[in-house]
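Novice: Model the following, please.
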Amino acid sequence: MKLVVFGAAGRTGRLIVERALGHGHAVTAFVHNKSLELEHPALARTTGDVRDFEAVSSAIEGHTGVAFALSGAGNLESGIANVIHAMAEHDVRRVAAVSAAGTFARNDRALSLGYRTLIATTQRPVYDDLENMELRLMASDLDWTIVRPFGLADAPASGHYRLSLDGSLLPKAARISRGDVAAVVLKALETDTYRRCAVVIAQ
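Specialist: Prediction:
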């Protein structure tokens, strides 16, 4: 496959890039204002802003899959809207986007009281943007997968994790390693296992 990774210089995006290269895929890393300190003969780089449709369209052209791994509020919905438009323009079907557990379930008791408080206060703009991003994807006719990690730990892939394929939160969940999230994102791009699913991943 030829994959383009948006947010490739982020802590999760970089692991998606590394894993995809390890699986023999050609990868284009789309970065904004961070550098990606990684060298590989199958790795190309492009710099741009996901809110700039022309930059997004140029990056997606010629690829067969898209990973969307941006973080923070303010550019998720607008970025995925440009991605969806560009994928339609260039006949690219498969996309996997990283979101977060708790989207559309902000008051679920499976989340700790502390985390529900964060979602209702400081993290509210992020969750608003995440939910709008997900709605854009779900309304598209693409072969999308949404990956919702239950918290993130800076750790390599363990290969041991639990999944919910219907978007529901998992009981007694613990933070998941970014490496395992990257593994699920790549599996979603390589196979139909999670096609048109919102997948919650946790320890």
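Novice: Going by C-alpha atoms from here, please, whenever you check contacts or count neighbours.
Specialist: Fine.
Novice: neighbours around residue 115, how many?
Specialist: 15 (other C-alpha atoms under 10 Å).
Novice: and residue 58, that's in a helix?
Specialist: Yes: assigned with DSSP: H, G, I helix; E, B strand; the rest coil, residue 58 falls within a helix.
Novice: State the distance from it to residue 83.
Specialist: As judged by C-alpha to C-alpha, to the nearest Å, residue 58 and residue 83 stand 11 Å apart.
Novice: Residue 101 now?
Specialist: For residue 101 relative to residue 83 (C-alpha to C-alpha), the value is 22 Å.
Novice: same thing with residue 122?
Specialist: 27 Å.
Novice: neighbour count winner among these two?
Specialist: Using other C-alpha under 10 Å, the more surrounded residue of residue 122 and residue 83 is residue 83, with 26 against 10.
Novice: Isn't the more buried one up against residue 57?
Specialist: Yes: assessed by C-alpha atoms under 8 Å, residue 83 is found in contact with residue 57 at 7.3 Å.
Novice: and residue 44, bridged to which residues?
Specialist: As for beta bridges, residue 44 partners with residue 28 under DSSP bridges.
Novice: right, and it touches residue 27 too?
Specialist: Yes: contact criterion C-alpha under 8 Å: residue 44 and residue 27 qualify, at 6.2 Å.
Novice: Counting neighbours, go ahead and name the busier of these two.
Specialist: residue 27 (26 against 13).
Novice: Could you measure from that one over to residue 88?
Specialist: Using C-alpha to C-alpha, one gets 20 Å for the distance from residue 27 to residue 88.
Novice: What of residue 131?
Specialist: Taking C-alpha to C-alpha, one finds residue 131 at 21 Å from residue 88.
Novice: same deal with residue 179?
Specialist: 30 Å.
Novice: Of all residues in the protein, which one is nearest the centre?
Specialist: The residue lying closest to the centre of the chain (C-alpha atoms, centre = their mean) is residue 98, at 2.3 Å.
Novice: give the contact list for that one.
Specialist: Contact analysis of residue 98 by C-alpha atoms under 8 Å, 6 or more residues apart in numbering lists 68, 69, 70, 146, 147, 148, 149, 185.
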